[in-house]
Each structure stands twice: as structure tokens, then as C-alpha cells.
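*Asks:* sequence and computational prediction follow.
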Amino acid sequence: MCAATSFASFAKLCADLEKTTKRLEKKHLISEFLKIVQQEEVQPTVSFLIGKAFPEADERVLEIGGITLWKVEGSRQATLVTEPLTILGVAKAFDAIASMSGPGSRTRKESLLQSLFSRASAEEAQYLARLLMAEMRIGAVEGVVLEAIAEACDVDLELVRRANMLLGSLGEVAGIALTQGKSGLAKVGLRLFKPVKPMLAEMSYDINEVIAEHGGKTAFEWKFDGARVQIHKKGRELRIFSRRLTDVTGSVPEIVSLAETGVHAEEALVEGEVVAVDKKGRPLPFQDLMRRFRRIREVEEIATEIPLRLYLFDILYRNGQLLIDKPYAERWNILTNTVGHTLLAPRIVSNNIQEVKTFLDQALKAGHEGLMAKHLDSDYAPGVRGKKWYKIKPFENLDLVIIAADWGYGRREGWLSNYHLGVRDDETGEYVSLGKTFKGLTDEEFESMTKRLQGLKTQETNYTVYVRPNIVVEVAYNEIQRSPQYKSGFALRFARIARIREDKSPEEADTLSRVKALYEKQFETKGRLSSVVT
């Protein structure tokens, strides 16, 4: 029997991955490591690499907070005689932690964590802590791991990607590839009630660009501010999965009822969007939808307060036939012959810019985000972004001030790269927090910004540098949400820095009163709950 793979070797792999920014080198390092791990170690190894304690669709959580982790790390003491940590040993410890609940569970979790850290070297402890916080930041993104699996098994990358989409589990794909090779991957098919990876879209702000990219004509659908779902049906059995591949059937009983009566096929897998609406049928903000979508208790009560609406836009399987290789236009026709027309997303096929702009205006006035543009000949590709699908949605902008920044990890180590955004309270003059973002700047700008912020430093912790409010940045965002987490009382959804406003002083930045006005303006098209639902 082969010896178990040590966690120390996994930690060394992580350190090596963190040292390089070259994608090919990362791929090769992972590929070589996958060749030496034992069969039962493949699943946890792959999950750990992408920063997950459990496989993607596994709904278990560790519930380890930062305070608990700092407490355990701070009291770490090496024992004189220790059994080395192994990948499987860590995985089994995570299983045990996730199963702990009830009185005394926090103490038991801390005790088990203490045992893990007491047996860990400094390098092992570093990556064990990052894994527990789901923040590996070593550049082992899903695409790199897929490429590494293909290299390790000498199989075509597209075959690996397809298997990953159908299985929804990188670890399972790696296990099949490493033990069965090309023949095993080729046999992977769609299994009803096994959620598949969703197809993704690129962002565009130019309708002309999209139409040109799609050959002069394309399909446009309303883009909803909702939760993406896939509905699996076989006979009388029906289950609904979220974008994150978790089973949410019990949380959305009215969507189950709609699908039971509206999907006219013995077997089917259809995809769509669930939107929360108010009593007038207007869409509610995404934040309200999430209160409803995550509810597992007293669902019937909250369903009355926050009803849901379903819009379907694709079909991947029908009565024994896999449809992902068929062109989008054909899939849409099959969908329209399978589901009730009241469930279909509003859609046009056009090459006329003015017609598309009018359609976009209709979507926005109805309270939705924008449009999706889909190439008529596009297949349903695995979970990678590409130009077959585009999302088109207008972003709002605010001029905000950087009031602090966190030190980066991985490729951004050594840079202040997660920026705390401040807005001026026009009553007190104080700059109050409105959220954070690490998106939008180039590497050169990160480096330059780090030097500038260090020159403005007022205080510093291990992770965060607090600065004088001096640098103004233009921040694009999709929505303003209520948030008790930040002093302003608000947070920006999908915030990214559009540009550094060298031409503006902090006094010229936007104010909290404007943020409040913009928040209220959103409800000209969106609905609003009459009471807060918890």
C-alpha cells in the first residue's frame, strides 16, 4: 500500500504556485502533483487547490470565523512527538468539524483545530489557515486546474471541460481522468439531478460591438437581477439547483409548482432565472431576493411576503436527448415547444441598433438589469466566459475616496490592493465606509497606488493600512444596497474602479446624501418591501 501524501507536500505546492505568475508553470506544477497523489486523495487535493474545504456542490460549511482562527493560530505550539499531517487527514478533520453542532460545538471545533495546527509546520499552518478562510490566493483557478488535469492524463482539454460542466465537480473529473483516461471522460454524460456548470458571458457596453461579433444578427433576452437556477425533471420528481450547484428545491415551492405544470416533458433540464417581486409584480432588489432564496425554515410565510417569478431561457436535455451541442437557436425552439410561453424570458432576434436600444429601455423600465446577447449558432459551452454570450447592462458611477486598503495575497502580495471606499457624510464631514473593491486597476496602478497610500498612512494593523482621505476614484457599480456592515449604512454591488480621478479633490467627491438619493431612485423601477423580512 502506498504511503499517504503529506500535507507538507501540498503546502510546498501552494508556495511554489504562489511564487509564479506564469499560467503554464502553474499548470505544470499541479499536473505533476496530481500524478503522485493516491486515488482517494484526488478529490480533496483538487478542492483544496481551488480554496474549498469540500467539493463544489457539497453544502456543508465549517463555520470557522476569523476570531476563532486567530485564537487557534496565536496559541499554536508544536508538540514533541507528532504524526505528520496528510491530505486525507486534513479532509477527515474538516468532515468532523462540519458535523459538529449544538452546545459545546465551538469548543470542540477549536480543540480539533488546535490539534491540526499543533502538528503543522509554519508553511503548513499558513495554507491551512487560508484554506479554512477559503482564501488560498495561489492562482489555482478552475481553468488552470482543468488544464493541469488534461496535461496529467494527456487528454484533450475540451473533453475535460465538457466532463466538468456535466459533473459539476473538478475533483470527480480529475479522479475519472487519472484512473480511466480519455475513455472514462468520453463516457461522462448528463445525469438528471446532478447539477451542471452554467455557461458564462462576457461583459459589453456596446451593442454595435456585440452584433458585429455575432455576425450581424443576434438574440437579445432581458437580463434579470435574480438568481440563476436549473430545473431537473424526471416523471413526477423535480429538483431545483442554484448557480452554485446547491439544491434549493425546499426554498422555492412556487417555482416547483410552476415547473411541474409548465415543463411539458417526461424528462428535462431547463435553465432560467428566479426573480423576487412585490405585490404589484415589480422586481425587488437582489438583496431581498437573497433573504428569500436562502430561507430553509418557515418558507410558506416568507413566500407570501416575497413571491417569486420564473423566467426560462435555455434547455440542455429533453427526453433522453442531450442538447448542449446544438446551436442556441435550435435549443430555443425546443424550449418554446417544451414550456409554457408565460415562463419564457422576453426575447428578440435583431440586427437593428435602435430596435435593440428600445428593447433595452423596456427591460430597464421594467426594473431589470439589462440584456443578454446570444450568438444564434452558439453551443452550450462549459463554465468559461466567451464571446458566444454577452451581458449588456449600464453601470452607475460614484466618485469616492480611498480611506484604507488591505494588503494583497498571492500575485498581489506586497501591494495594497483591496480598497476601502469612503463617501463624505455632508452633515459631519466624515468619510464613512461604503464597501471595498480590488477590481479595476492594472498591476502598474496597484504598485503606484501602494506607494501613494503608504505616504498617506495614519495607522496600520497586520492586514490594513488606514490613510488620510486624499485619493479620489471613480467607482462603477450595479446597485446600491442597505448594509449594516458599513458605517454609511450602504454597500455597492459589483463595485470596480473605473479610473483614478486625479482632477478631483476629496471635497469634490460624492456625498452620502447623493448615495441615499440614488438608492431611493432605484425604486422608481424596482419594488420595495413594506417591511423588513429576516
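*Replies:* Looks like it arrived, so ask away. Residues are numbered from 1 along each chain as shown.

*Asks:* need the three-state assignment for K92.
*Replies:* Under the three-state scheme (DSSP: H, G, I helix; E, B strand; the rest coil), K92 adopts helix.

*Asks:* what is the neighbour count of it?
*Replies:* Residues within reach of K92, counting by other CB atoms under 10 Å, total 12. The way it works is simple: take the backbone N, C-alpha and C, and place the C-beta from them, glycine included.

*Asks:* for it, give me its contacts.
*Replies:* With contact set as CB atoms under 8 Å, 6 or more residues apart in numbering, K92 has no partners.

*Asks:* any idea what A268 is bridged to?
*Replies:* Applying DSSP bridges to A268 gives these bridge partners: K233, R318.

*Asks:* correct me, but it touches K233?
*Replies:* Yes. In this structure, A268 sits in contact with K233. The criterion is CB atoms under 8 Å, and the distance is 4.9 Å.

*Asks:* domain-wise, how is the protein divided?
*Replies:* Taking automatic domain parsing as the criterion, the chain consists of the domains 7-178, 202-392, 396-523.

*Asks:* and L185, which of those domains is closest to it?
*Replies:* Smallest distance to L185 across the domains of the chain (CB to CB): 4.8 Å, for domain 7-178.

*Asks:* distance between the ends of the closest one?
*Replies:* Between the opening and closing residues of domain 7-178 we find a distance of 20 Å, counting by CA to CA, to the nearest Å.

*Asks:* quick thing: my sequence starts at 821, can you match it?
*Replies:* New numbering, starting at 821: the last item is domain 827-998.

*Asks:* same question for that domain, mean pLDDT?
*Replies:* Per-residue pLDDT values over domain 827-998 give a mean of 89.

*Asks:* please apply the same query to stretch 1173-1191.
*Replies:* On average, the pLDDT along stretch 1173-1191 is 93.

*Asks:* in stretch 1097-1112, what counts as buried?
*Replies:* Judged by neighbour count (16 or more other CB atoms under 10 Å), stretch 1097-1112 contains these buried residues: 1097-1098, 1102-1109, 1111-1112.

*Asks:* give me the contact list for that stretch.
*Replies:* With contact meaning CB under 8 Å, 6+ apart, stretch 1097-1112 is reached by 1044-1047, 1071, 1094-1096, 1122-1123, 1126-1129, 1186-1188, 1299, 1301-1302, 1313, 1342, 1345-1349, 1353-1354.

*Asks:* let's see it at 6 Å
*Replies:* 1045, 1095-1096, 1122, 1126-1127, 1129, 1187, 1301, 1346-1347, 1349, 1353 (CB atoms under 6 Å, 6 or more residues apart in numbering).

*Asks:* what of stretch 1236-1244?
*Replies:* Counting contacts by CB under 6 Å, 6+ apart, the residues outside stretch 1236-1244 that touch it are 1220-1226, 1228, 1251, 1253-1258, 1266, 1270, 1273, 1285, 1289, 1308, 1329-1332, 1335.

*Asks:* just how off-centre is it within its chain?
*Replies:* With CA atoms, centre = their mean, to the nearest Å as the basis, stretch 1236-1244 stands 22 Å off its chain's centre.

*Asks:* same question for stretch 874-891.
*Replies:* Here the centre of mass of C-alpha atoms in stretch 874-891, compared against the chain's by CA atoms, centre = their mean, lies 16 Å away.

*Asks:* ok, stretch 1268-1278 next?
*Replies:* Relative to the mean C-alpha coordinate of its chain, stretch 1268-1278 is positioned 30 Å out (CA atoms, centre = their mean).

*Asks:* alright, that wraps it up for me.
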